[in-house]
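In: Structure for the following, please:
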Amino acid sequence: MKGKVLTLLRENEKTFLSGEKISQELNCSRTAVWKHIDALRKEGFDIIATQNKGYQLKKSGTLLSEHDLVSRLKGNTLIDKVVFHSSVSSTQTIAHQLVNEGASEGTVVVADEQTEGRGRLGRVWDSHKQSGIWMSLVLKPNIDFRQAPQLTLVAAVALTRALRDKTNLNVEIKWPNDLLIHGKKIAGILTEMQADPDRIQSVIIGMGINVNHQEFPEEVSSIATSLKLETGEGFDRAEMIAEILKEFSWLYETYLTEGFSLIKPLWEAHSLSIGKKIIARRANDSITGEAIGINDEGVLLLKDAKGQTHHIYSADIDFG
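Out: Residues are numbered from 1 along each chain as shown. So this is what the prediction gives:
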């Protein structure tokens with residue numbers, strides 16, 4: 001019910017909404033409305049009350065909440081359920097557990113803090129309270145399991161478009177799963193698949209974005225940044241999550257109906273790697289050359305000094 005109250009206030013944020021109107025819309029008493037308003041204020045929402053006018057939402061709180069997220073995702077046809085936790089080991093871990101319990105496509109797990117946040121190849125991801133966006137999205141696409149890595153690139157495009165729209169920063173994609181600003185990491189994507197021999201059960205896309213960090217541990221301070229460090233401004237994380245999921249929803253639908261070929265030019269338009277000399281460090285070797293693009297499967301194409309083009313399916317990328 002608190003989420004519904006918050007949705008009504010947000011839909012009418014430029015004016016006052018009377019307690020009577022809210023009670024009629026939600027079929028509850030005005031006393032119940034007041035209790036929900038009071039609870040939302042305690043969560044950090046700035047809701048003013050004026051006699052004979054009603055209630056008005058001035059700004060969102062600094063803390064994330066399930067009610068805030070749900071109220072912003074109205075109309076998103078992909079998102080089926082929001083699962084919010086104040087603190088978890090990892091949103092990926094929770095998402096895997098939920099899939100095993102029968103979670104539907106469009107279940108999104110969001111946490112204010114991760115105590116064991118992780119990135120690609122098991123790397124640690126700093127995920128403190130009130131600092132960033134830590135979320136995992138459950139998908140159940142009817143695609144060949146070999147296409148699953150393409151969803152990392154779809155997510156990268158969605159993140160880039162959303163962050164650019166909300167901050168006007170020049171966010172760029174470093175293949176396959178990092179987003180950078182001025183050469184420093186702002187976000188990472190972790191895609192994990194559960195599959196039978198003949199079909200995908202689920203794809204879980206984890207996204208970590210450094211939003212309101214004011215500093216980083218010394219060991220990563222030279223390679224990581226945040227939206228706040230880049231702009232000097234704090235950002236409403238719930239609003240940004242809603243924008244990210246909106247961008248991802250239509251890109252995902254486009255991908256499922258039209259294929260990766262329509263996602264490819266959007267990815268290349270934001271790529272940091274294309275045209276650069278890079279070193280692709282694979283499990284057993286390294287290849288140096290120029291990144292010339294990706295193919296229609298999302299595989300990185302690298303041309304070496306001899307003019308031979310290599311297909312890079314998985315690697316760590318450094319700039320040469």
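In: and the helix or strand harbouring residue 291, which residues are buried?
Out: Take DSSP states H and E as the rule and residue 291 turns out to sit in strand 286-294. In terms of neighbour count (16 or more other CB atoms under 10 Å), strand 286-294 has its buried residues at 287, 289, 290, 291, 293, 294. Quick note: C-beta positions are derived from backbone N, CA and C, even for glycine.
In: Name the residues that touch that strand?
Out: 153, 175, 264, 267-268, 271, 273-280, 300-305, 309-310, 312, 315, 317, 320 (CB atoms under 8 Å, 6 or more residues apart in numbering).
In: returning to that earlier point: can you redo the buried residues of strand 286-294 as CSV with distance to residue 58 and pLDDT?
Out: Conversion of the buried residues of strand 286-294 to CSV gives the following (distance: CB to CB, whole Å; pLDDT from 0 to 100):
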residue, distance to residue 58, pLDDT
287, 55, 94
289, 54, 95
290, 52, 95
291, 47, 94
293, 47, 91
294, 45, 93
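In: Let me know the closest of those residues to residue 142.
Out: Nearest to residue 142 out of the buried residues of strand 286-294 is residue 294 (CB to CB; 22.9 Å).
In: what comes into contact with stretch 233-242?
Out: By CB under 8 Å, 6+ apart, stretch 233-242 touches 59-60, 62, 64-65, 68-69, 72-73, 76, 110, 132-133, 135, 162-163, 166-167, 209, 211-212, 227-228.
In: Show me this protein divided up by domain.
Out: 2-59, 66-269, 277-319 (automatic domain parsing).
In: Can you report phi and psi for the residue lying farthest from the centre of the chain?
Out: Residue farthest from the centre of the chain, counting by CA atoms, centre = their mean, is residue 52 at 40.8 Å. Backbone torsions of residue 52, given as degrees, to the nearest 10, read phi 70, psi 0.
In: One more: residue 248?
Out: phi -60, psi -40.
In: Leaving out the residues flanking it, which one is nearest to it?
Out: residue 158 (3.8 Å; CB to CB, 6 or more residues apart in numbering).
In: Pretty sure the one you found sits in a helix.
Out: Yes. Assessed by DSSP: H, G, I helix; E, B strand; the rest coil, residue 158 belongs to a helix.
In: isn't it right next to residue 243, touching?
Out: No. Look at residue 158 against residue 243 with CB atoms under 8 Å: they stay out of range, at 9.3 Å.
In: Give me the more crowded residue out of the two.
Out: Legend: neighbour count by other CB atoms under 10 Å for residue 158 and residue 243, higher for residue 158 (25 against 18).
In: How about the contacts made by the more buried one?
Out: 244, 247, 248, 251.
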